[in-house]
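# any chance you could fold what I've pasted below:
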Amino acid sequence: MLVPELTLVGKPACHLCDEARAVVERVVGDLRAEGVEVAVAERSILDDAALDARWHDDIPVVLIGTALHDRWRIDAGRLREDLLAAAGA
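Numbers count the residues shown, from 1 in each chain. As a prediction, this is how the structure comes out:
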């Protein structure tokens with residue numbers, strides 16, 4: 001089984017980013033409990049000018065690999081399905 005890479009792009013003091021982080025943590029935690037590993041990274045647009053230029057108006061952004069999965073509000077069910085597909089499960 002492959003290990004999908006999920007990146008959450010946001011910034012501190014962003015309520016939508018906090019909500020997205022909670023969805024990501026819940027979905028990834030459930031998958032790990034089922035034996036599906038997911039590599040998770042969080043990046044801030046405040047620390048990376050290229051990320052800021054690309055995603056400033058869209059945060060929070062969830063990427064699976066390098067592909068955009070979702071932005072603003074993250075759908076837990078769709079995130080789970082896409083992570084399972086990326087894992088080859």
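
# all contacts plus neighbour counts: C-alpha atoms, from now on.
OK.

# which residues touch stretch 77-89?
Counting contacts by C-alpha atoms under 8 Å, 6 or more residues apart in numbering, the residues outside stretch 77-89 that touch it are 1-4, 27-28, 31, 36, 38, 64, 69.

# show me the strands in the protein, by range?
5-10, 39-44, 61-64, 67-71 (DSSP state E).

# now those as a markdown table including mean pLDDT?
As requested, the strands of the chain are exported to a markdown table (pLDDT from 0 to 100):
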| stretch | mean pLDDT |
| --- | --- |
| strand 5-10 | 97 |
| strand 39-44 | 97 |
| strand 61-64 | 97 |
| strand 67-71 | 94 |
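
# can I get those strands in TSV including mean neighbour count and distance to residue 82?
Converted to TSV, those look like this (neighbours: other C-alpha atoms under 10 Å; distance: least, C-alpha to C-alpha, whole Å):
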stretch	mean neighbour count	distance to residue 82
strand 5-10	23	10
strand 39-44	13	14
strand 61-64	22	8
strand 67-71	16	8
